[in-house]
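In: Okay, sequence plus prediction incoming.
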Amino acid sequence: MTNLEFRNDIVVDLNFAYGSEHSIVNAARISLGKSKIKPLSDPINEKDKRFLKRLIRDYHGTPFEHGGFQFIIEAPLFVVHQLQRHRWSSFNEMSGRYTEFEPVFYKPKFFRKQSGKAMDYEFENLTGYQLEVAELDYESAIQHAMNKYNFLLQGEVAREHARMILPNSVYTAAVWTLNVRSLCNFILLRMDAHAQQEIQDIAKQAFTYLQEYFPNVANHYAEIAAIRPEFDLFDQ
Ligand SMILES: Cc1cc2nc3c(=O)[nH]c(=O)nc-3n(C[C@H](O)[C@H](O)[C@H](O)COP(=O)(O)OP(=O)(O)OC[C@H]3O[C@@H](n4cnc5c(N)ncnc54)[C@H](O)[C@@H]3O)c2cc1C
């Protein structure tokens, strides 16, 4: 029997950030001619901040492609699958053909119960006996799948086939690179209360990096988001 590890965290490590609010402002200023490019030694001033806000307000998106991030993500497959829907970003993911999956699985702190209509579900945590039964079923199904994965490998079934038996909750790792424009789109969509909590977790972590490296952009987006009542940007 394979020993399993259950985790409930999702890791978003910053590998590097590139560009700056300067590079965004400069990219937009080229519209007015080369002489308007600010030297990097000039700090961002109040006029630049207003300019950034105006660019965001007017959907002038391309300047925000001149800065961005590379993250290393550690998350279960189902979350990485949701992440990969964000096509304006670049991914590389751990290969289930070249490596064997570790017996590490996501188990939420509390299983949630859903009610209401599709696209507007409400969730509450399961408790007591219901939670215990759900946890037992969940763990035993994963144990069974992982045991069979290892039996298949021992029986010389190729990794690319043996992996087909593994649950969505198995952890994988990915490199995710995207520009500020795309990250802000991601944050608006995935910090929204309608998004699954696990991907909201990635969006919240990514937002803290945005605040650190592109603080005025982050503030302006937070202002936009604040007009949407379901958006819980400020509940962190
Ligand atoms: C709460 C929630 C629930 C969801 N549920 C589902 C679901 O049930 N099923 C499902 O399949 N997906 C679902 N999604 C994923 C969603 O449909 C998008 O695929 C995902 O959010 C990526 O958004 P995006 O296209 O804006 O991002 P990106 O793919 O990064 O695209 C960024 C922007 O580029 C432009 N763009 C990109 N590709 C094209 C294109 N082909 N044509 C024109 N413009 C383009 C658009 O302006 C787009 O906003 C859900 C997303 C959320 C937030």
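Out: Looks like it arrived, so ask away. Numbers count the residues shown, from 1 in each chain.

In: Okay, and the residue nearest the centre of the chain sits in which element?
Out: Geometric centre of the chain, nearest residue: I202, 3.5 Å, by C-alpha atoms, centre = their mean. For I202, the element it lies in under DSSP states H and E is helix 197-213.

In: how far is that helix from where the chain is centred?
Out: Its chain's C-alpha centre and that of helix 197-213 lie 7 Å apart, by C-alpha atoms, centre = their mean, to the nearest Å.

In: Please apply the same query to stretch 78-88.
Out: 8 Å.

In: Buried ones in stretch 60-70, by neighbour count?
Out: 63-70 (16 or more other C-beta atoms under 10 Å). Where you see a C-beta, it was placed from the backbone N, CA and C, and this is true even at glycine.

In: Out of the residues you listed, name the ones that lie in helices.
Out: Within the buried residues of stretch 60-70, no residue falls in helices by DSSP state H.

In: quick revisit: how close does the residue nearest to the centre of the chain get to I187?
Out: The gap separating I202 from I187 is 10 Å, by C-beta to C-beta, to the nearest Å.

In: The least confident helix or strand in the chain by mean pLDDT versus helix 197-213: what angle between them?
Out: Lowest on mean pLDDT, DSSP states H and E among the helices and strands of the chain sits helix 215-226, with a mean of 86. Orientation of helix 215-226 against helix 197-213 (axes from the mean of the first three to the mean of the last three C-alpha atoms, to 10 degrees) gives an angle of 140 degrees.
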